[in-house]
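Student: Fold the following.
(4 chains)
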Number of protein chains: 2
Amino acid sequence: MAPNTASTILNHRPDSWASKETKERVLLAAKELNYRPSKAAQSVRLGRFNTIGLVVPDLHNPFYPVLADCLDRAVAAHGYDLILEHTRNDLAAEQHCFQSILDRQVDGVALIVSDPDLHRPFLAGLATSGPPAVALAAKPDLPLPIDSVVSDFSAGFAQAIEHLVGLGHQRFAFLCALAKGQDDGKRPELFRSLLVAKGIAAENISFVRCEHHIASARNAFRDLIRQTKFKRPTALIALNDLSAIGAMRAAVDEGLSVPRDLSVIGVDNIPLAEYLPVALTTISQPIEDMVARTASLLIHRIAGKSPVRPSQTVFPTELVIRESTARPGRA
Amino acid sequence: MAPNTASTILNHRPDSWASKETKERVLLAAKELNYRPSKAAQSVRLGRFNTIGLVVPDLHNPFYPVLADCLDRAVAAHGYDLILEHTRNDLAAEQHCFQSILDRQVDGVALIVSDPDLHRPFLAGLATSGPPAVALAAKPDLPLPIDSVVSDFSAGFAQAIEHLVGLGHQRFAFLCALAKGQDDGKRPELFRSLLVAKGIAAENISFVRCEHHIASARNAFRDLIRQTKFKRPTALIALNDLSAIGAMRAAVDEGLSVPRDLSVIGVDNIPLAEYLPVALTTISQPIEDMVARTASLLIHRIAGKSPVRPSQTVFPTELVIRESTARPGRA
DNA sequence: GCTCTCAATGAAATCGTTACCGTCTCACTC
DNA sequence: GAGTGAGACGGTAACGATTTCATTGAGAGC
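Tutor: Just a heads-up that it's a prediction; the model follows:
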């Protein structure tokens, strides 16, 4: 039996000239031997890999695994497998991870870009060499050098401020990223201007820097609570839902009650958010749509059917009001 | 330049006979061409892949991504990459996922086994053909046909019951898996016997079946609360932390307060558990140790240095007491 | 009987690596 | 000056698949 004959049969090729008798023999033998073609050998020969890589910053934030699940489904519909890599929010690890993805010879890469400015050279490298790539990010000031699917948080933040001011809040706190570039869309400036436009005095606006995980937010916000004992903020917009949870915990630790003493707004709308004992008000991104768009961009680029210039698709964010925001209870 | 010369140099082989001059030339050329060896071709040639597959049931449960992160670190120390697959708790998907892992030609597989009985034939297949595999599971009644790293929940459950009874609880509820086989270690029987031994009447013990995610637990437990309005259970042991959160939410929805009206105990000790507004009392598995053991088993089997008979390593579980358990507030 | 066609199959090249073995050039020794 | 041995490198097969091209054989048409 020639290997090529078997190959055409097992791949169910339309031009399968083999006789039915031969086909049956081959299929039977394949079953008996428990034969599975080697993906590695196929990759070497074909130069295709039927694999999409996804690089996320952190597996501890449920947002990313959930997003991975989404993207997995989306690309699976086109016959691609998903490989998930994570950088642990470490820049060096990210480089290594990127190399690893390239070594693995994926057909395309989707990556969460936490800091567009910081990663710009890296993205530029990706644009000039390497497989098709799509960046998922908060809407940056400058267009990215590769296809991007971004969330425009301006509407969501404006709704959030509107909501909080409408409830009567006067003193505000914001969680911000440690690295300035990671403040998606220059959040501090945005918040300040939004609030000033609402007539809130700048001295009643606090910014707290912390990392994107619970513990960091808890510590950072606890410090703020202790420092501002008499002019404590009554409303908080966090970095993400995880940091919102950390901040809520800090509030509980300090004897405050949410939402009576403190209104909290998160970002991401992780599945857990609505099931917290005090369901979290949060700014939601349409990840299903964003992921579908990501998959579509990748598939098209892989097929070579895309324009040369990188595209940017912008999705709106939306405030989902739940229980963690209310009128301030104590003046 | 012969390809073999370059190969030995780029792999930094100890027996690199090449002259320093040649080495420099090669390394320079490699940098200029941005050369990276093809993992696929290496795999074909070497028959090794430097990759471990991990199959988890669900990416929406933070326990698994966190475990994946752990295992990733553990195998990375030995030069292996981790590929994460998930089955969405679907048996068919699990088969596909298993095939996908085998196709990808991993050197070893770690898999979370939710239902040892259900998966027994599948595991047997893995034992006879396929790469080295390690099952992560709750301690099953029968030994598994492959290396296994299991949690013995008996101590943890006994501590949990002891704790609850000691607090004065009289009426108990338990969340159990939908599929009977998934009740790790026959939980219902275990709970019943533990409680009866403490003098609790069987009629004061309720079992509620639900899935392993928040929404299912919320719905199931809400139904229980409504059905048992006057002889409501005051203590609950959930399937996992996620279902504990769902149940707590159901309690809140029905106007109950945790822990005053209901004590809740979870299982898994996900990182989030201690940061919930009411920090979750939970039964913890030593996942760091378990994962380290898993990695070690895989590495040894891959090196061919293991006994033929599958080993079973048992780890104890432990009750971590936090805020979600207290004396029953209303008789 | 000869070519022609078409179905069926086999042989060989190829992808990017690595492993094995052979060759060539010196310098050194006796 | 012949033999020896080490240093430096090249040639080539092989891994497991797919693709292209060549070959075989049978039957049809003249």
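
Student: Low-confidence ranges, the stretch 201-331 of chain A, go.
Tutor: A:330-331 (pLDDT under 70).

Student: And the stretch 51-200 of chain A, by the same measure?
Tutor: Ranges of the stretch 51-200 of chain A meeting pLDDT under 70: A:180-185.

Student: and with 90 instead?
Tutor: Within the stretch 51-200 of chain A, the segments meeting pLDDT under 90 span A:89-105, A:114-130, A:140-142, A:154, A:178-190.

Student: tell me which residues in the one helix or strand A:V66 maps to are buried?
Tutor: Using DSSP states H and E, A:V66 falls within helix A:63-76. Buried residues in helix A:63-76, counted by 16 or more other Cβ atoms under 10 Å in any protein chain shown: A:63-72, A:74-76. Bear in mind the C-beta positions are built from the backbone N, C-alpha and C, glycine included.

Student: Please settle this for me: is A:A135 part of a strand?
Tutor: Yes - residue state for A:A135 (DSSP: H, G, I helix; E, B strand; the rest coil) corresponds to a strand.

Student: ok, what's across the strand from it?
Tutor: Counting by DSSP bridges, A:A135 is bridged to A:L111, A:S148.

Student: isn't it right next to A:I146, touching?
Tutor: Yes - A:A135 lies in contact with A:I146 (Cβ atoms under 8 Å); the separation is 5.6 Å.

Student: Would you mind listing the residues touching both of the two?
Tutor: Overlap of the contact sets of A:A135 and A:I146 (by Cβ atoms under 8 Å, 6 or more residues apart in numbering or on different chains) consists of A:L123.

Student: Those residues of the stretch 201-331 of chain A touching chain B, which are they?
Tutor: Within the stretch 201-331 of chain A, the positions near chain B by Cβ under 8 Å from any Cβ of the partner chain are A:214-215, A:218, A:245-246, A:248-249, A:252, A:258, A:271-272, A:275-279.

Student: Packing partners of the helix holding A:V66?
Tutor: On a contact count with 3 or more Cβ pairs under 8 Å, 6 or more residues apart in numbering or on different chains; DSSP states H and E, helix A:63-76 meets strand A:51-56, strand A:81-86, strand A:108-113, helix A:287-302, helix B:63-76.

Student: can you put the ones you listed in TSV and add distance to B:V320?
Tutor: Listed next are the helices and strands packed on helix A:63-76 as TSV, based on distance: least, Cβ to Cβ, whole Å:
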stretch	distance to B:V320
strand A:51-56	28
strand A:81-86	26
strand A:108-113	32
helix A:287-302	32
helix B:63-76	14
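
Student: looking at these, which is closest to DNA strand C?
Tutor: With Cβ to the nearest atom of the strand as the measure, strand A:51-56 is the member of those nearest DNA strand C (16.2 Å).

Student: And the contacts of the closest one?
Tutor: Under Cβ under 8 Å, 6+ apart, the answer for strand A:51-56 is A:64-65, A:67-68, A:71, A:75, A:80-87, A:94, A:97-98, A:101, A:104-112, A:295, A:298.

Student: Strand partners (parallel or antiparallel) of it?
Tutor: Going by DSSP bridges, the partners of strand A:51-56 are strand A:81-86 (parallel), strand A:108-113 (parallel).

Student: Just send these back as CSV, with mean neighbour count and distance to A:L164 too.
Tutor: Converted to CSV, these look like this (neighbours: other Cβ atoms under 10 Å in any protein chain shown; distance: least, Cβ to Cβ, whole Å):
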stretch, mean neighbour count, distance to A:L164
strand A:81-86, 25, 33
strand A:108-113, 24, 28
